[in-house]
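Enquirer: fold the following.
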Amino acid sequence: MKGDFTRRTFRGENHYRSVLLQQGRVALDADWNEQADIQAHHDETTARDLIGGDGGPRDGAGFAVTDAEGGAPKACPPKDLRLSPGRFYVGGVLCENEQPVPLAAQPDLPGVALPTAKGRYVAYLDVWREHLTAVERPELREVALGGPDTATRTRTVWQVRLRAVPRSATAADVTAGWDPDAGRSTARLRARAQAPADSAGPCVIPDSAGYRRLENQLYRVEIRNGGAGPAYVWSRDNATVVARLTDLGDGVLTIDRQGRDALSGFAAGDLIEVVGLAATRRGEQGVLGHVTKADGTRLWVTWPEDAPVEPDGVTLVRRWDCADAAPVADGWLDLEDGVQVQFDLADLGGYRTADYWTIPARTAATARTDLDPDLAGDVEWPVGPDGPSFVAPEGIRRRSAVIALLDLAGGAWSLVADCRALFTPLAQVPPPAAPSQGPHVARVVLDAQGTDLVAGTRVTAEDLTGGVSVILDGDPDGSPALTLTLDLPYPLLPSERREWGLADDSAEVFGTRPLELAAAVTVSERRIAWRPVDPDGAANVGRVLAAAGRLTALVRCRLAADVAGFALSFSVAPPSGPVTGQSRFDAALFDQGPFAG
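Expert: Presented below is the predicted three-dimensional model:
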């Protein structure tokens with residue numbers, strides 16, 4: 001962003017939540033701008049987490065590729081291809097299209113024709129942020145102030161571009177992590193302030209100050225000729241010395257305004273760039289020239305290469321503070337007055353036109369001959385163990401999303417697949433079916449005594465064999481099940497104990513084995529009753545408990561009903577006295593039955 005800023009301070013890794021002003025302090029643009037960046041970071045991150053990488057609301061999504069009638073293109077002439085109105089999110093950034101737009105005449109992609117070669121193409125949204133000042137948008141200037149501009153603006157630029165893909169490509173091939181710009185910038189740069197060797201003297205800033213100028217600056221380094229032979233230009237004012245071109249004559253430019261003073265205007269010897277807003281949106285760089293004479297709003301210019309073409313829309317004249325564009329080279333490169341930069345040449349072909357970095361430089365403050373340690377004359381730059389760190393460009397950051405797959409044959413376009421991801425807004429997502437409330441258990445009663453059975457209760461075998469009833473607070477649905485399970489000690493049978501090497505007179509056990517008791521379950525209004533089965537059901541329960549009593553003083557019992565997830569655990573004491581038929585039961589079970597050892 002080429003704005004008149006002191007510096008840009010947002011760093012996502014700081015995890016700042018807000019910027020808070022304090023009373024009686026100077027207000028700086030950097031603080032205000034950091035708050036805007038913090039909020040944008042939070043908003044975009046939230047949108048990505050909720051929506052995903054990209055997507056549009058199901059009932060309001062835009063950017064469908066259609067024919068002139070709004071239908072799916074089928075053998076459609078190029079002039080009839082349209083982008084539907086609506087909204088779409090790309091990397092958390094909201095893109096809005098207010099009306100059907102011809103694909104070949106997009107407002108932010110002027111002068112770009114559709115492909116003509118037969119084949120299959122992927123259509124994708126290319127989204128980035130554009131910075132605008134009162135030079136590009138005069139309506140931003142408050143005329144009541146008598147001329148000065150105030151704040152600038154950023155806007156979202158969306159462009160639908162087409163890229164050829166293999167004829168066999170499917171929607172899945174271009175939506176699962178497909179990157180239209182596999183050659184994204186790999187440029188990296190680092191900066192430092194290093195005092196020149198010949199800077200000593202009684203009338204200069206002390207040697208320990210690397211930055212030598214008396215003004216605080218925001219240097220900008222920008223790449224030109226992206227690709228195999230990149231070059232760079234630089235400005236000490238973030239390239240903010242700019243005017244609007246009003247006339248392009250033969251070697252003479254007419255601009256719309258003079259600078260406020262000699263430092264903010266144009267003069268003989270300046271390097272300038274003439275670039276149109278439309279060309280910038282197409283990703284093109286401007287034309288460089290040298291000012292040989294300046295008189296008011298007229299500039300006499302020589303062009304090292306081709307002269308710029310006739311202005312097409314808004315065209316700017318921008319001043320750079322270097323003598324000329326210089327090739328990206330190895331080692332530390334001097335800008336001016338101690339400011340140096342170094343490029344990472346590991347992937348020189350990965351440098352892209354318009355990659356840029358800003359370097360805040362702060363002048364030294366001295367008290368007599370001592371340097372103020374807080375104002376030591378340096379640049380603000382991240383420093384690692386090996387000195388200044390290489391960092392990626394600050395911009396231009398682009399986001400992309402595939403929206404369609406198209407075929408071009410015989411000069412006509414047909415839609416292969418609509419690749420937009422659509423989502424249902426949260427307010428329209430039907431809530432999950434509410435679980436059935438149904439009745440709840442109000443009481444559990446031991447029928448023989450008429451007393452309540454609660455968790456942790458200790459009952460006798462006689463209490464249990466008398467039956468159990470579960471009382472509900474409402475009518476049950478259907479015929480709910482009710483089960484009662486004993487956790488018998490294991491090993492219990494002599495054969496099992498001998499298999500584990502346990503003596504017959506030992507009470508040692510390893511655990512428990514569940515035994516669900518056979519019973520008759522009846523439902524009457526709001527009561528579910530459990531009774532041991534006949535014949536001799538009650539006696540058999542007692543006999544089982546008596547057998548378990550050989551090894552344990554208590555048997556855990558679990559009562560469960562499929563009513564509101566009901567479950568109840570309690571303990572049963574085996575019979576203390578003789579049980580009718582116990583000898584016959586023991587003989588059958590332990591001595592001569594199927595479990596006899």
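Enquirer: now do stretch 448-462: distance from first to last residue.
Expert: Here the two ends of stretch 448-462 are set 8 Å apart, with distance taken as C-alpha to C-alpha, to the nearest Å.
Enquirer: run a quick neighbour tally on the closest residue in space to A518 that isn't next to it in sequence.
Expert: Nearest non-adjacent residue to A518, counting by C-beta to C-beta, 6 or more residues apart in numbering: V533, 4.7 Å away. From N, CA and C alone the C-beta is placed, and that goes for glycine too. The number of residues packed near V533 is 13, by other C-beta atoms under 10 Å.
Enquirer: over to L517?
Expert: Using other C-beta under 10 Å, L517 has 18 neighbouring residues.
Enquirer: quick check: longest helix in the chain by residues?
Expert: The longest helix of the chain (DSSP state H) is helix 29-51.
Enquirer: mind listing what's buried along that one?
Expert: Going by neighbour count (16 or more other C-beta atoms under 10 Å), the buried part of helix 29-51 is 30, 33-35, 37-38, 44, 47-48, 51.
Enquirer: wait, which of those is closest to V339?
Expert: Ranked by distance to V339 (C-beta to C-beta), the buried residues of helix 29-51 are led by A30 at 19.3 Å.
Enquirer: pipe the buried residues of helix 29-51 into a markdown table and attach pLDDT per row.
Expert: Below are the buried residues of helix 29-51 laid out as a markdown table (pLDDT from 0 to 100):
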| residue | pLDDT |
| --- | --- |
| A30 | 97 |
| N33 | 97 |
| E34 | 98 |
| Q35 | 98 |
| D37 | 97 |
| I38 | 98 |
| E44 | 97 |
| A47 | 96 |
| R48 | 96 |
| I51 | 94 |
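Enquirer: once you drop chain neighbours, what's closest to H290?
Expert: In space, and not counting its chain neighbours, H290 is closest to T302: 5.2 Å by C-beta to C-beta, 6+ apart.
Enquirer: next, the one you found: phi, psi?
Expert: phi -110, psi 150 (degrees, to the nearest 10).
Enquirer: burial of it, as a residue count?
Expert: Using other C-beta under 10 Å as the criterion, the residues surrounding T302 number 10.
Enquirer: please apply the same query to R244.
Expert: Neighbour tally, R244, other C-beta under 10 Å: 17.
Enquirer: can you say which helix or strand has it in it?
Expert: Using DSSP states H and E, R244 falls within strand 242-248.
Enquirer: for stretch 305-314, measure first residue to last.
Expert: Its first and final residues considered, stretch 305-314 spans 22 Å by C-alpha to C-alpha.
Enquirer: report the mean confidence score over it.
Expert: For stretch 305-314, mean pLDDT rounds to 82.
Enquirer: again, but for stretch 94-112
Expert: The model assigns stretch 94-112 a mean pLDDT of 95.
Enquirer: let's have the buried residues of helix 29-51 in CSV, adding distance to L559.
Expert: As requested, the buried residues of helix 29-51 are exported to CSV (distance: C-beta to C-beta, whole Å):
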residue, distance to L559
A30, 70
N33, 68
E34, 64
Q35, 62
D37, 63
I38, 58
E44, 56
A47, 52
R48, 51
I51, 49
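Enquirer: helices along the stretch 401-550 of the chain, start to end?
Expert: 461-465, 494-499, 537-548 (DSSP state H, counting those that start in this stretch).
Enquirer: in the shortest one, which residues are buried?
Expert: Read it as helix 461-465. Here helix 461-465 shows 461-465 as buried, counting by 16+ other C-beta under 10 Å.
Enquirer: now the second one
Expert: Judged by neighbour count using 16+ other C-beta under 10 Å, the buried positions of helix 494-499 are 494, 497.
Enquirer: then that helix to CSV, C-alphas only?
Expert: What follows is helix 494-499 as a C-alpha-only set of coordinates in CSV (Å, rounded to 0.1, in the frame of the first residue of the first chain):
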residue,chain,number,x,y,z
PRO,A,494,-15.5,-76.3,41.2
SER,A,495,-14.4,-77.1,37.7
GLU,A,496,-13.6,-73.4,37.0
ARG,A,497,-11.7,-73.1,40.3
ARG,A,498,-9.6,-76.2,39.7
GLU,A,499,-8.8,-74.9,36.2
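Enquirer: measure how buried the closest residue to L271 other than its chain neighbours is and give me the count.
Expert: Distances taken as C-beta to C-beta, 6+ apart place W320 nearest to L271, at 4.7 Å, with adjacent residues excluded. The number of residues packed near W320 is 22, by other C-beta under 10 Å.
Enquirer: repeat that for Q194.
Expert: Neighbour count for Q194, taken as other C-beta under 10 Å: 16.
Enquirer: repeat that for R236.
Expert: R236: 23 neighbours (other C-beta under 10 Å).
Enquirer: measure the residue nearest to it when sequence neighbours are not counted to W332 for me?
Expert: In this structure, R236 finds its nearest non-sequential neighbour in Q217, 4.5 Å apart by C-beta to C-beta, 6+ apart. Q217 sits 18 Å away from W332, going by C-beta to C-beta, to the nearest Å.
Enquirer: beta partners of the residue nearest to R236?
Expert: A361 (DSSP bridges).
Enquirer: repeat for L245
Expert: I255.
Enquirer: state the distance from it to L299.
Expert: Taken as C-beta to C-beta, the span from L245 to L299 is 10 Å.
Enquirer: any idea how many residues pack against G62?
Expert: 22.
Enquirer: and it, what pLDDT?
Expert: pLDDT, G62: 97.
Enquirer: now swap in R25 and tell me
Expert: On pLDDT, R25 comes in at 96.
Enquirer: can you tell me the SS state at V174?
Expert: Here V174 is recorded as helix under DSSP: H, G, I helix; E, B strand; the rest coil.
Enquirer: quick one, what contacts it?
Expert: For V174, the contacting residues are 122, 165, 402, 405, 419, by C-beta atoms under 8 Å, 6 or more residues apart in numbering.
Enquirer: ok, now I403?
Expert: 63-65, 88, 123-125, 160, 418-420.
Enquirer: for it, give its distance to S414.
Expert: Look at I403 and S414: by C-beta to C-beta, they are 15 Å apart.
Enquirer: then A461?
Expert: Taken as C-beta to C-beta, the span from A461 to S414 is 82 Å.
Enquirer: cool, and F266?
Expert: 53 Å.
Enquirer: between the two, who's got more neighbours?
Expert: Legend: neighbour count by other C-beta under 10 Å for F266 and S414, higher for F266 (24 against 15).
Enquirer: mind splitting this structure into its structural domains?
Expert: 52-181+398-423, 189-388, 441-591 (automatic domain parsing).
Enquirer: can I get the ones you listed in a markdown table with distance to R11?
Expert: Below are the domains of the chain laid out as a markdown table (distance: least, C-beta to C-beta, whole Å):
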| stretch | distance to R11 |
| --- | --- |
| domain 52-181+398-423 | 18 |
| domain 189-388 | 9 |
| domain 441-591 | 51 |
